[in-house]
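Peer 1: pasting a predicted model and its sequence here:
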Amino acid sequence: MTVRGALSGNRDVLAVLVLTVGVVLLTGCSGQAGPPSATISPLATTTTESAQPAAAKVTNLVLSATSIELQNASGTSVSTFDYFQPPDELVSALTTALGSTPLVGAWGEDDKHSGITYTWGDFALRDSNRVADGETRNCPNSSFSVAAETVNGIHISTVDGIAVGDNAAELRARYPDSSWTNAPADEPQGDSVELHIAVGQVTLPPCEESGGNSDRTYSVRLDATDPLGPITGIWGPSADWGA
């Protein structure tokens with residue numbers, strides 16, 4: 001009788017142990033099922049958040065006679081700034097897009113022709129003083145110049161896709177009515193000539209009402225130091241002053 005009782009007690013202990021181990025194993029399995037769902041949610045959130053800066057990342061500057069447009073890699077506009085608005089926001093946007101702080105310098109010799117230049121390598125933005133003799137002139141606040149196809153990894157072109165380095169002779173043939181040549185400013189007439197091409201003309205009111213020039217237009221100007229070579233510079237808005 002004593003032996004049977006011992007055996008029966010051992011069986012009861014064994015059953016309890018088996019049951020306990022089973023519960024532990026089940027608890028362990030259910031405990032491991034939680035982390036995958038917990039990690040999937042943060043990963044999905046991270047992916048969504050990283051797509052937003054990518055969509056807003058500027059890869060292209062597109063220049064026209066009326067504005068500078070910042071675009072992403074898909075060609076979608078991130079922001080657009082016209083030349084008549086105060087340049088502070090444009091300077092801030094360019095600083096972010098080009099990834100560096102510009103060099104800042106003053107330019108101009110008198111009150112009518114003065115301002116500040118912000119330079120990022122081969123790209124410069126000029127902030128002009130629009131007030132002269134107590135009159136706020138209807139001239140652009142800002143103008144640009146660029147001497148390279150890319151600056152700090154950002155591609156720069158006109159709305160027609162023209163960039164520094166493109167073939168000047170081909171562009172002259174494409175825009176014969178708005179192309180002309182003249183001697184460089186520091187050389188006498190009759191020596192070497194530079195090619196200039198105006199593209200994307202728009203009609204704007206005169207800077208000063210008393211100055212006339214009601215037929216004045218603005219354009220983006222392409223320059224080539226050698227008419228048979230590449231485009232070496234682009235700048236604008238370039239005014240023809242009604243000529």
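Peer 2: Thanks, I have the structure now.

Peer 1: please tell me how far residue 203 sits from residue 123.
Peer 2: According to C-beta to C-beta, to the nearest Å, residue 203 and residue 123 sit 27 Å apart. In this view, the C-beta of every residue, glycine as well, is placed from N, C-alpha and C.

Peer 1: my bad, residue 114
Peer 2: Going from residue 114 to residue 123 by C-beta to C-beta gives 21 Å.

Peer 1: these two: which has the busier surroundings?
Peer 2: Between residue 114 and residue 123, counting by other C-beta atoms under 10 Å, residue 123 is the more crowded of the two (23 against 14).

Peer 1: beta partners of the more buried one?
Peer 2: residue 120, residue 146 (DSSP bridges).

Peer 1: I'd guessed it sits against residue 97; true?
Peer 2: No: taking contacts as C-beta atoms under 8 Å, residue 123 lies outside contact range of residue 97: 10.2 Å.

Peer 1: identify the contacts common to the two.
Peer 2: Taking C-beta atoms under 8 Å, 6 or more residues apart in numbering as the criterion, residue 123 and residue 97 both touch residue 61.

Peer 1: hang on, residue 173 is in a helix, isn't it?
Peer 2: Yes: assessed with DSSP: H, G, I helix; E, B strand; the rest coil, residue 173 lies in a helix.

Peer 1: pull up the per-residue confidence for it.
Peer 2: According to the prediction, residue 173 has pLDDT 97.

Peer 1: what are the buried residues along stretch 82-90?
Peer 2: Using 16 or more other C-beta atoms under 10 Å as the burial criterion, the residues of stretch 82-90 that qualify are 83, 84, 87, 90.

Peer 1: which strand of the chain spans the most residues?
Peer 2: Looking across the chain with DSSP state E, the single longest strand is strand 194-203.

Peer 1: which secondary structure elements does that one contact?
Peer 2: Where contact means 3 or more C-beta pairs under 8 Å, 6 or more residues apart in numbering; DSSP states H and E, strand 194-203 is packed against helix 168-174, strand 179-182, strand 217-224.

Peer 1: now the ones you listed in a markdown table, with mean neighbour count?
Peer 2: Shown next, in a markdown table, are the helices and strands packed on strand 194-203 (neighbours: other C-beta atoms under 10 Å):
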| stretch | mean neighbour count |
| --- | --- |
| helix 168-174 | 16 |
| strand 179-182 | 14 |
| strand 217-224 | 22 |
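
Peer 1: quick one, domains of the chain?
Peer 2: Taking automatic domain parsing as the reference, the chain has its domains at 2-55, 60-239.

Peer 1: and the end-to-end length of the longest one?
Peer 2: The first and last residues of domain 60-239 sit 25 Å apart, counting by C-alpha to C-alpha, to the nearest Å.

Peer 1: lowest-confidence stretch among the domains of the chain?
Peer 2: Mean pLDDT values for the domains of the chain show the minimum at domain 2-55, a mean of 39.

Peer 1: rewinding a little: tilt between the longest strand of the chain and strand 217-224?
Peer 2: Counting by axes from the mean of the first three to the mean of the last three C-alpha atoms, to 10 degrees, strand 194-203 lies at 160 degrees to strand 217-224.

Peer 1: tell me the buried residues in strand 194-203?
Peer 2: Buried residues in strand 194-203, counted by 16+ other C-beta under 10 Å: 194, 195, 196, 197, 198, 199, 200.

Peer 1: what bridges to the fourth one?
Peer 2: To tie it back to what came earlier, the one meant is residue 197. residue 179, residue 222.
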